[in-house]
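Participant: pasting a predicted model and its sequence here:
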Amino acid sequence: MVRRIKPVSRKVRAEARIRTRERAAGPAEPRLPDLGEVTVPAVDIYETTTEFIVEIELPGVSEKDVKVLLFSSRVEVSGFKRELAAHAGSRYMRLEREFGAFRRDVVVPGAVDGERAFAALENGVLTIVLKKPPRRRRDVEIKPRRDGA
């Protein structure tokens, strides 16, 4: 009798066991990004009747270090958070703040007027306001069909 080995099914079962163990262990402890790694800042998106508002947490980042690009269906925010100079004669006991490059892509849930978009950085929060295009209404004239039907 020949027994066939199915390596794909073994791999799937092994991955499922690993995921189960990871869930049982609880959430992973937050870690600092490695050198050259890009961080992803937290974002909130909400909508009013005339605009979409995107708020991104960027504590300690100056305006000159942020770049905002608006594409047809998304907003790309990227930049760099500079590390503060260490105080003379001091020694860190704990250093959890993130420094370095960051990037966040946000999909815009509707059409926007790119010409009227603007952004402001205040109190560590970048607020991007994306105006919705005005709704256009068109009256349609009702005519009899000419094809004889």
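Facilitator: Received the coordinates, thanks.
Participant: only C-alpha atoms for contact and neighbour calcs from this point on.
Facilitator: OK.
Participant: low-scoring stretches of this structure, by residue?
Facilitator: Residue ranges of the chain with pLDDT under 70: 1-12, 22-37, 147-149.
Participant: for it, which segments count as helices?
Facilitator: Counting by DSSP state H, the chain has these helices, from start to end: 7-25.
Participant: start to end distance for stretch 77-94?
Facilitator: Its start and end residues considered, stretch 77-94 measures 29 Å (C-alpha to C-alpha, to the nearest Å).
Participant: any residues touching it, and which ones?
Facilitator: 60-62, 65-69, 98-105 (C-alpha atoms under 8 Å, 6 or more residues apart in numbering).
Participant: what does stretch 62-76 give?
Facilitator: Outside stretch 62-76, the residues that touch it by C-alpha under 8 Å, 6+ apart are 77-81, 103-112, 114, 121.
Participant: if any of those are buried, give me the PyMOL selection for them.
Facilitator: A single PyMOL command selects the buried members of the contacts of stretch 62-76 (16 or more other C-alpha atoms under 10 Å):
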select buried, resi 77+78+79+80+81+103+104+108+112+121
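Participant: which of the contacts of stretch 62-76 fall within strands?
Facilitator: Residues of the contacts of stretch 62-76 located in strands (DSSP state E): 77-81, 103-107, 121.
Participant: switch these over to JSON lines; also include distance to Thr48.
Facilitator: Below are the ones in strands among the contacts of stretch 62-76 laid out as JSON lines (distance: C-alpha to C-alpha, whole Å):
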{"residue": "Val77", "distance to Thr48": "22"}
{"residue": "Ser78", "distance to Thr48": "25"}
{"residue": "Gly79", "distance to Thr48": "28"}
{"residue": "Phe80", "distance to Thr48": "30"}
{"residue": "Lys81", "distance to Thr48": "31"}
{"residue": "Arg103", "distance to Thr48": "25"}
{"residue": "Arg104", "distance to Thr48": "22"}
{"residue": "Asp105", "distance to Thr48": "21"}
{"residue": "Val106", "distance to Thr48": "17"}
{"residue": "Val107", "distance to Thr48": "17"}
{"residue": "Leu121", "distance to Thr48": "20"}
